[in-house]
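Novice: could you work out the structure for the sequence below:
(chains A, B and C)
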Amino acid sequence: MAFDEYQKREFKQVGTRPNRPDGVDKVTGRAMYGADMTLPGMLVGRILRSPHAHAKIKSIDASAALALKGVKAVVTGADFARPEDDFLRDVQENCMARGKALYDGHAVAAVAAIDAATAKAALKLIKVDYEILPHVTDVDAAMKAGAPIVQDGRTLENVPAGMSGNVTSHSEFGHGDPAAGFAKADKVVERSFKTAATHQGYIEPHAAVASVTTDGKGELWCCTQGHFFVRTLCAGMLGMEASQLRVTPSEIGGGFGGKTTVFIEPVALMLSKKAGRPVKVVMTRDEVFRATGPTVSTSIDVKIGMTKDGRITAGEAYLRYSGGAFPCGTIDMGGQAAFAAYDLEHVRTYGWNVLTNRPKEAAYRAPGAPQAIYAVESVVDELCLALKLDPLDVRLKNAAKKGTKSSYGPTFPDIGLVATLEAAHKHPHYTAPLGPNQARGLSCGFWFNFGGNTCVSLNVNTDGTVGITEGNPDIGGSRASVSLMAAEELGIPYEQIRTIVADTNSLGYNDVTDGSRVTFAVGLATIKAARDAVRKMCQRAAKIWDIDEEAVEWKDGAAVPAGPNAGKFPPMTLAEIAADSFATGGPIAGHHEVNVDGAGVSFGVHLVDVEVDKDTGATKVLRYTIFQDAGKAVHPDYVEGQMQGGAVQGIGWALNEEYIYGKDGRLQNAGFLDYRIPVASDLPPIETVILEIPNPGHPYGVRGVGETPIVPPLAAISNAVSRAIGTRMCELPMSPPRILKAIGTTA
Amino acid sequence: MRYLAAQSVAEAAKALAAEAGVTRILSGGTDVLVQLKAGMVEPDLIVDVKKLPGMREIRAEAGGFRVGAAVAGAELGEHKAFCAAWPGVAEGFQLIGSTQVQGRATMAGNLCNASPAADSVPALVAGGVVARIAGPDGERDLAVVDIPAGPGRTNLKKGEFITSFLFPARAKGASDAYLRFIPRTEMDIAVSSAAVNLTIGADGKVSAAEVALGAVAPTVVRVPEAAKAIIGTKLDDAALAAMAKACEAACNPIDDKRGTIAFRTHTAGVLACRAAHIAYERAGGKA
Amino acid sequence: MKKLHISTTVNGDPAEFVCTPDESLLDALRNRLGLTGAKEGCGTGDCGACSVTVNGRLVCSCLVLAAEVEGAEIATIEGMADQDKLHPLQRAFIDHAALQCGVCTPGILVAAKSLLAKNPEPTDEEVRYWLAGNLCRCTGYDKIIRAVQSAAAEMRGA
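Specialist: Down below sits the predicted model:
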């Protein structure tokens, strides 16, 4: 496996900024997204959703809808077999309720009709007899004795007895003895925090076109972060064999984790199966907010002890996450991430997942980490203020580094936290003067990063160009970075390579585009597929030169003879070998299949200046600088893009974004008008500083970069606002009414 | 649903009056289309009034301006003389929605949608603007302040619609300003808002004033006590404090997803004072 | 619902379609004329992904009735390039990596073109406010602002 490991090298193409291959299609309106696909004879599918937060579905009468001219099929939960697997069953019941509607917006039925107007009219004719049940949407309320129980019998054995039936799982991480650590502290701060559920807010609503034929074959086009996983889920729900369901991903209009599962896809397939025609289902924005996967909402207590000189003696966190109406494992990632930035002798986190009548959580950029780290970084900031210590010095003093036993178990290899902290310290932003009502905040951020199952094919064309087939939808420019890595390895120009994202029949299984894994894992597989092709091209050259294979090596895009007995031959370029390939053994291709390990963790530090209008509670972000370790920035434009985009999502989370539920348990702000994501005029330029501390687990040192940047903004802005107003803010978002209330201006 | 692009005011009024079902007037359409999309309304008849004569004109009248009811925000914003005379009206109108929405949104639509948070309305109320209304029985004039009846309701009768607004002649030393509070910098509905229209005398003191608040009551409200508090002053601290207090007293807001009662009440006073400052400076006053 | 027959001009070419009276211009462009460059991100005028111009005025096509555009001139993203020559804004967006997923890009380009026609030398703040109705969730807007300014400079001949 030595081949996998990082080797220092001079890069010729990796690290440059060529134009992305999908650029022209995207600037001319030609790129095909989920809703842009049409098929002959296609029907329009629409979904009926529960208006109630919690209700028993006593009956569904679709006879009037089916009698409407132009209606071709109606689907309800009864059309799906009940999967034995808990996970699959939860996903399916989230796509189509069975027995109970568990949240406002939960799908209860669907129709396929000849046009949108007919489908809409048909939805109104479906009679659902609900028995409304008491509901609970707040995580703390759901943990109380006597709270309405969202789903019975979902509690795992590790949950201590006596807790509410809504608590589904418990987890603990850490080491040492926090009580002993707190005893050594000069100052201990304990605080409780709440964070609202937020949504990924991708601009493209979910869309799917399904076509199932009577011989059991299915085609599905959809916008997804992982079409292989879509196939697994849909095939499981429809009782299809994987080989018979081909899933082709469209261009994807943003995902951020929210398109890593299915919502409408199995419904579209079932409608098509029943109607015998292709069916297109496109969500409205209202449906996206009510019925896809927002983040967990949380309630967190953090206790940290510190000595006068800024050494953290112990940290403890109690985390209560609600991933909505279904069991959710995100709490474990929150518990593991909370103290990851610190080298601690005594640290422990306790986590509970709690059911509420909210939509089923889906991943959102570093799921679970922003909330936990927000709480920890807020308390660290409060300690710095109380002990009059520089917040960067304190973080440097306690920073996790190579050899640190992390708070969640593993011992860190080379990591970049200290380098990012030092870069922040040196940066002019850190010492720039501040005006009245202005303050500066900072926070560390962390994400684990993942590798996973990956399969790449690389085809050498006879004209000397190369086609790469990979299986991960491109959400952030990965086709460009994959092409760059192949160009680097093969020694041919980037422009001569074309990378495409292929359907589920064209490659072995590829895990979802998540966990910041694509540039890392697909990159690694691409490099190794290129090496496979290089090995084959060297064989061909050896054959032509009639020398031993071992006597040929690859240099600057050409086979060259090597070693004392190889003889003297001029270099044979990739193009020359490719041109002769039919005569030397046939087409040349490289492949690589792997379950990649070794994704290096990623750290970042964000600095932010804010100004608070103390008469209105409005916060203006004045200046923002990001420092992050990318391992190796393959295409720096897109690394910066991830840093900037993630930070701005975090800014939205900190200041304005939240799921607001009414007393009736209905979502009050299911649209971009009142779910307020940042607009261009809200923001300053977002400055970026990329650090490159190579990941030992990747041949080029690459680390995932996509998720870490959403983590620090929550605490960085909260710390800045708290300093500006002189009061610690403990709830997100810090909407203006909350800030005025904290200041004491309003009761 | 039928769509009628009316060619004359009479045709539009007649069609609206004759329709037994639900009707909607399409001016800029930025509210109507949202309601259609959400299924909040299923009209039987939509009458497009944009192409009626005069509906998109801005012309001088009686020393002031007559502004057609279907003039879009972007169009009004390009009219230099109007914006110089009524900067508060222009800024309120142009705060509605995005650049794209500005290409379509109209004051008449904003007024008749009858949201208490309508951005263009407080400055129209503070400016004493009068709407001209066409209907099956002919024309009538009605002050803007009297048009909203409550959230989503107006005092217009069946078949009636607004054709224009008359902005009175400006006295020397008169100007206005509008401010709203929103959580972001753009794209939100006002959480609270305030318009101040005032005139400064030769002595630099406010000689006349009107104050109107938005999003703090079922309709936009005039606050004569707030105006009284600054008349005869140069907006000294005591006058502004009295003004803020009067504004707070006039508030009767709701708690909702956009803001709390306490927040709306407090910020209405803050915004009124800030708007008064801006209007005062625009009118040539030196604080 | 009885359909209406509409004659209009799209990107300089005559275009005709039938539509229902409650159909939006966006739906007519996408579903009747096959011009899927304008996207529906919200359908309520809050995201700007469906931006087009009607008689030169920037609008959200989701907030325009298809029935209204009889005789109008419509410009969409599909007409922005001059045949095989990209508009400077289109080139700048590629060169400055001002797009990631790209779904907001058509709307932003149409809106930015409309800005530069009105104001060839905007400040960053003017660009940000003009584009406030075009939501982008990927980029944080930074590279978009730089790309618009770069294209503006090129178009001014600077």
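Novice: the closest residue to chain B within the stretch 1-150 of chain A: neighbouring residues, count only.
Specialist: Proximity of the stretch 1-150 of chain A to chain B (Cβ to the nearest Cβ) peaks at A:Lys120, 7.5 Å away. Yep, even glycine has a C-beta here, placed from its N, CA and C like the rest. By the measure other Cβ atoms under 10 Å in any protein chain shown, the count of residues near A:Lys120 is 14.
Novice: same thing with C:Ser7?
Specialist: A count of neighbours around C:Ser7, defined by other Cβ under 10 Å, yields 12.
Novice: so what's the gap between the helix or strand encompassing it and the chain middle?
Specialist: When elements are assigned from DSSP states H and E, C:Ser7 belongs to strand C:4-10. Relative to the chain's own centre, strand C:4-10 is displaced by 19 Å; criterion: Cα atoms, centre = their mean, to the nearest Å.
Novice: the residue of the stretch 1-150 of chain A closest to chain B: what's it in contact with?
Specialist: Neighbour list for A:Lys120: A:46, B:39 [criterion: Cβ atoms under 8 Å, 6 or more residues apart in numbering or on different chains].
Novice: now do the same for it: helix, strand or coil?
Specialist: When the structure is reduced to helix, strand and coil (DSSP: H, G, I helix; E, B strand; the rest coil), A:Lys120 reads as helix.
Novice: circling back to that earlier point, close to chain B, is the strand holding C:Ser7?
Specialist: Yes - contact check for strand C:4-10 against chain B, using Cβ under 8 Å from any Cβ of the partner chain: residues in range are C:Leu4.
Novice: so what's the gap between the helix or strand following that strand and the chain middle?
Specialist: On the C-terminal side of strand C:4-10, the nearest following helix or strand under DSSP H and E is strand C:13-19. For strand C:13-19, the distance from its own C-alpha centre to the chain's C-alpha centre is 19 Å (Cα atoms, centre = their mean).
Novice: also stretch A:29-46?
Specialist: Taking the mean C-alpha point of stretch A:29-46 and that of its whole chain, the gap between them comes to 26 Å (Cα atoms, centre = their mean).
Novice: touching chain C at all, that stretch?
Specialist: Yes - with Cβ under 8 Å from any Cβ as the measure, stretch A:29-46 is seen reaching chain C through A:29-33, A:35-36.
Novice: so how far is A:Ala113 from the residue of the stretch 1-150 of chain A closest to chain B?
Specialist: Remark: distance between A:Lys120 and A:Ala113 (Cβ to Cβ, to the nearest Å) = 8 Å.
Novice: ok and the strand holding C:Ser7 relative to strand C:13-19, angle-wise?
Specialist: Orientation note: strand C:4-10 sits at an angle of 160 degrees relative to strand C:13-19 (axes from the mean of the first three to the mean of the last three Cα atoms, to 10 degrees).
Novice: remind me which residues of the chain are low pLDDT?
Specialist: Looking at chain A here, since you left the chain open. Counting by pLDDT under 70, chain A has low-confidence residues at A:1-4.
Novice: wrong one, chain B
Specialist: Low-confidence segments of chain B, defined by pLDDT under 70, span residues B:287.
Novice: got the residues of it near chain A?
Specialist: With the criterion set to Cβ under 8 Å from any Cβ, chain B comes near chain A through B:37-39, B:181, B:183-189, B:191, B:256-260, B:262-263, B:265-267, B:270-271.
Novice: shared neighbours of A:Lys120 and A:Ala113, anything?
Specialist: A:Arg46.
Novice: coming back round to it: and the residues of chain B next to chain A near chain C, which?
Specialist: B:37-38, B:185-187.
Novice: so which residues of chain C form helices?
Specialist: Taking DSSP state H, the helices of chain C run over residues C:25-27, C:88-95, C:105-118, C:124-130, C:142-156.
Novice: go through the residues of chain B next to chain A and flag which are in helices.
Specialist: If you go by DSSP H, the residues of chain B next to chain A have B:37-38, B:262-263, B:265-267, B:270-271 in helices.
Novice: A:Thr313 against A:Lys303, yeah?
Specialist: No - taking Cβ atoms under 8 Å as the contact criterion, A:Thr313 and A:Lys303 are not neighbours in contact, 11.1 Å apart.
Novice: give me the more crowded residue out of the two.
Specialist: Just comparing A:Thr313 and A:Lys303: by other Cβ under 10 Å the higher neighbour count belongs to A:Thr313, 22 against 18.
Novice: can I assume that one sits in a strand?
Specialist: Yes - when the secondary structure is assigned by three-state DSSP, A:Thr313 falls within a strand.
Novice: now do it against A:Glu657, distance only.
Specialist: As judged by Cβ to Cβ, A:Thr313 and A:Glu657 stand 35 Å apart.
Novice: one more: A:Val466?
Specialist: The span separating A:Val466 from A:Glu657 equals 43 Å under the rule Cβ to Cβ.
Novice: can you give me the neighbour number for whichever residue of chain C sits closest to chain A?
Specialist: Chain A sits closest to C:Gly37 of chain C, with a gap of 2.1 Å, by Cβ to the nearest Cβ. Around C:Gly37 there are 25 other residues, counting by other Cβ under 10 Å.
Novice: mind listing what it touches?
Specialist: With contacts defined as Cβ under 8 Å, 6+ apart, C:Gly37 is in contact with A:28-30, C:76-78, C:106.
Novice: what count of nearby residues applies to the residue nearest to it when sequence neighbours are not counted?
Specialist: What sits nearest to C:Gly37 in space, not counting adjacent residues and going by Cβ to Cβ, 6 or more residues apart in numbering or on different chains, is A:Gly29, at 2.1 Å. Close neighbours of A:Gly29, defined as other Cβ under 10 Å, add up to 24.
Novice: got it, and C:Ala112?
Specialist: 29.
Novice: give me every residue that touches it.
Specialist: By Cβ under 8 Å, 6+ apart, the contact set of C:Ala112 is C:89, C:127, C:130-131, C:148, C:151.
Novice: now those residues as a markdown table including distance to chain A and pLDDT?
Specialist: Converted to a markdown table, these look like this (distance: Cβ to the nearest Cβ, whole Å; pLDDT from 0 to 100):
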| residue | distance to chain A | pLDDT |
| --- | --- | --- |
| C:Leu89 | 8 | 98 |
| C:Val127 | 7 | 98 |
| C:Trp130 | 8 | 98 |
| C:Leu131 | 5 | 98 |
| C:Val148 | 10 | 98 |
| C:Ala151 | 11 | 98 |
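Novice: can you lay out those as JSON lines showing neighbour count and distance to A:Leu125?
Specialist: Supplementary listing: the contacts of C:Ala112 in JSON lines, determined by neighbours: other Cβ atoms under 10 Å in any protein chain shown; distance: Cβ to Cβ, whole Å:
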{"residue": "C:Leu89", "neighbour count": "24", "distance to A:Leu125": "47"}
{"residue": "C:Val127", "neighbour count": "25", "distance to A:Leu125": "49"}
{"residue": "C:Trp130", "neighbour count": "25", "distance to A:Leu125": "45"}
{"residue": "C:Leu131", "neighbour count": "28", "distance to A:Leu125": "42"}
{"residue": "C:Val148", "neighbour count": "29", "distance to A:Leu125": "48"}
{"residue": "C:Ala151", "neighbour count": "24", "distance to A:Leu125": "51"}
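Novice: in what helix or strand does residue 159 lie?
Specialist: You didn't say which chain, so I picked chain A. When elements are assigned from DSSP H and E, A:Val159 belongs to no helix and no strand.
Novice: could you do chain B instead?
Specialist: Going by DSSP H and E, B:Gly159 is not in any helix or strand.
Novice: name the SS class of the residue nearest to it when sequence neighbours are not counted, please.
Specialist: Residue nearest to B:Gly159 in three dimensions, not counting chain neighbours: B:Ala17, with 3.2 Å by Cβ to Cβ, 6+ apart. Here B:Ala17 is recorded as helix under three-state DSSP.
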